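> I'll drop the sequence and a predicted model, then ask my questions.
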Amino acid sequence: GAGPHPYASAWRALQRRILALGRSEGGSREALSLARQLALLSYRTPEEFAERFAAPVALVDGRARCAAEDWLDARGNHYVARTAPTAFARLSESIDLHALDAADVDVPTVVVAVEEDRLVPKADLVALAEALPRARRLHLLRSRFGHDAFLTEHEAIARILRDALSECRP
């Protein structure tokens with residue numbers, strides 16, 4: 001069956017452990033922020049970080065800070081403002097517990113893989129497309145945004161969706 005990649009499950013397991021530690025120490029909001037920041041690292045690519053955050057590490061208030069930390073902190077705080085720790089944990093667990101038997105998918109299906117996605121590797125999606133009884137097409141995208149390509153590659157995703165939907169018309 002098709003389920004989460006062990007690498008992706010390991011990332012999420014660490015995030016849940018950070019969350020559990022924060023809850024046990026009374027810092028659940030900070031822990032949720034850190035767990036989300038760790039998630040963001042897995043969604044994006046080293047290439048994007050090299051382009052966006054190339055400034056050298058600097059001492060700030062006696063602590064070494066990398067150029068990405070302000071962005072990570074802001075994204076973590078934004079997430080904490082709208083997500084409960086329990087919701088994060090349950091979503092994370094549900095992703096890891098999800099399993100699919102491709103043979104049971106009896107609808108025309110289009111699969112989109114992103115070469116740089118570390119959480120859902122291209123090889124897994126190729127295998128899924130090959131196992132789907134009614135796979136229509138496998139699209140392979142390249143994106144420095146990795147797993148987040150579906151949020152950032154608007155034109156490519158729109159084209160794929162338009163093509164797939166046009167094939168569904170009678």
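Yep, that arrived. Quick caveat, the model's predicted, so the values are computed rather than measured.
> How many neighbouring residues does V60 have?
Burial measure for V60: 10 neighbouring residues, criterion other C-beta atoms under 10 Å. In this view, the C-beta of every residue, glycine as well, is placed from N, C-alpha and C.
> For it, list each beta-bridge partner.
Listed by DSSP bridges, the beta-bridge partners for V60 are R63.
> In the helix or strand of the chain with the lowest mean pLDDT, which residues are buried?
Least confident element among the helices and strands of the chain, by mean pLDDT, DSSP states H and E: helix 6-24 (a mean of 83). Buried residues in helix 6-24, defined by neighbour count with 16 or more other C-beta atoms under 10 Å: 8-9, 11-12, 15-16, 18-19, 22.
> what sits up against stretch 38-48?
Outside of stretch 38-48, the residues within contact range by C-beta atoms under 8 Å, 6 or more residues apart in numbering are 8, 11-12, 14-15, 18, 72, 75-76, 116, 118-119, 144-148.
> could you turn it into CSV, dropping everything but the C-alphas?
Output in CSV follows, covering the C-alpha atoms of stretch 38-48 (Å, rounded to 0.1, in the frame of the first residue of the first chain):
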residue,chain,number,x,y,z
LEU,A,38,11.2,21.9,12.0
ALA,A,39,8.4,21.0,9.6
LEU,A,40,9.2,24.1,7.5
LEU,A,41,12.7,22.8,7.1
SER,A,42,11.4,19.5,5.7
TYR,A,43,9.1,21.3,3.3
ARG,A,44,11.7,23.5,1.7
THR,A,45,15.1,22.8,0.1
PRO,A,46,18.7,23.6,1.0
GLU,A,47,18.9,25.4,-2.3
GLU,A,48,16.1,27.8,-1.4
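> now that stretch: how far from the chain's centre is it?
Centroid displacement of stretch 38-48 relative to its chain, using C-alpha atoms, centre = their mean, to the nearest Å, is 8 Å.
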